[in-house]
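Enquirer: Give the three-dimensional model of this entry:
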Amino acid sequence: MALRYLTLQEILDIHAEILRNTGGEKGILFHGNLALCVESPKRNEFGFEPYTTIHQKAASLLYEINKLHPFVDGNKRTAYSAVSTFLDLNGFELKAEIHEAVNLLLNIAKCNTNFDEVTNWLQNHIKKK
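Expert: Residues are numbered from 1 along each chain as shown. Presented below is the predicted three-dimensional model:
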């Protein structure tokens, strides 16, 4: 199955919508970091694809936007919304209680959660449509 990945513009649009709906300061802190976030789920290094499952690809997007902090504000909200959109485009849905999602995002930001833990969390919260 060929996956549909988010483009840079789509992530910028998601971020803009998040700020319109929930507030926050506009701006990109690190353009290079944003580009890395966009490319992370589809990364292919010398013919090796480090993320092969939908859970790993979603985790890479969630983790990278949260950790690389490309935006002035709204990184955690954008990360979660981008992952939800990515999954939706590929026939999956992200189902989690708000407090669970907030806890995960805060733990990623505080470096209390690693990539494998994010992947495992997503495995328990992603459902096929």
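Enquirer: Quick check: pLDDT value at the residue positioned nearest the centre of the chain.
Expert: Per Cα atoms, centre = their mean, the C-alpha nearest to the average position across the chain is that of Leu62, at 2.5 Å. Listed pLDDT for Leu62 reads 98.
Enquirer: contact partners of the helix or strand containing Glu100?
Expert: Glu100 belongs to helix 98-109 when assigned by DSSP states H and E. Applying Cβ atoms under 8 Å, 6 or more residues apart in numbering, the external contacts of helix 98-109 come out as 62-63, 66-67, 75-76, 79-80, 96, 113, 118, 121, 125. Backbone N, C-alpha and C define where each C-beta goes, glycine included.
Enquirer: Keep only those of these that are in strands.
Expert: If you go by DSSP state E, those have nothing in strands.
Enquirer: Can you say which of those residues are buried?
Expert: Among those, those classed as buried by 16 or more other Cβ atoms under 10 Å are 62-63, 66-67, 75-76, 79-80, 96, 113, 118, 121, 125.
Enquirer: Put together CSV for those residues, with distance to Tyr51 on each row.
Expert: Formatted as CSV, the buried ones among the contacts of helix 98-109 follow (distance: Cβ to Cβ, whole Å):
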residue, distance to Tyr51
Leu62, 12
Tyr63, 10
Asn66, 16
Lys67, 15
Asn75, 20
Lys76, 21
Ala79, 16
Tyr80, 18
Ala96, 20
Thr113, 17
Val118, 12
Trp121, 15
His125, 17
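Enquirer: all helices of this structure, in order?
Expert: For the chain, applying DSSP state H gives helices covering 8-22, 31-39, 54-68, 75-89, 98-109, 115-123.
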